[in-house]
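Enquirer: from the sequence below, what's the structure:
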Amino acid sequence: MEISVSEAKASLTELLHRAEAGEDVVLTRRGHKIARLVPIEPELTRDQRRALIEEIRAMAPAPDGNDVPAERSQDFLYGDDGLPA
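Expert: Okay, the predicted model is just below:
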């Protein structure tokens, strides 16, 4: 639903109820879209955040033992004299 700012002032409570219910409410000024009313996503609890982090960690590949430490990762680019190979 699109509504002008001037009309929205008179029916803000109704518009908030509509947005909260999931309806797309767009405010316009002189026919141009300027804002959208959207419901706030519920915040995750501490346990939900932990579970999400663990889920993401579980998707990461396990180290294969061939990982090179960061400080040695570019050694192959340089000779024993420290100059580019």
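
Enquirer: and the longest helix for the protein?
Expert: Using DSSP state H to define each element, the chain has its longest helix at helix 46-59.

Enquirer: and it, how far out from the chain's middle?
Expert: With C-alpha atoms, centre = their mean, to the nearest Å as the basis, helix 46-59 stands 16 Å off its chain's centre.

Enquirer: next, the buried residues of stretch 14-30.
Expert: For stretch 14-30, the buried set under the neighbour-count rule, 16 or more other C-beta atoms under 10 Å, comprises 15, 18-19, 25, 27-28. (C-beta placed from N, C-alpha, C; glycine too.)

Enquirer: between those residues, which is closest to residue 35?
Expert: Within the buried residues of stretch 14-30, proximity to residue 35 (C-beta to C-beta) peaks at residue 27, which comes in at 4.3 Å.

Enquirer: that closest one belongs to a helix, doesn't it?
Expert: No - per DSSP: H, G, I helix; E, B strand; the rest coil, residue 27 lies outside any helix segment and is strand.

Enquirer: which residues does it bridge with?
Expert: According to DSSP bridges, the partner residues bridging residue 27 are residue 3, residue 35.

Enquirer: which ones are touching the spatially most central residue of the chain?
Expert: Among the residues of the chain, residue 41 comes closest to the average C-alpha position under C-alpha atoms, centre = their mean, at 12.0 Å. By C-beta atoms under 8 Å, 6 or more residues apart in numbering, the contact list for residue 41 is empty.

Enquirer: wait, a strand at residue 6?
Expert: No - assessed with three-state DSSP, residue 6 is helix; it does not lie in a strand.

Enquirer: how much space between residue 33 and residue 27?
Expert: 8 Å (C-beta to C-beta, to the nearest Å).
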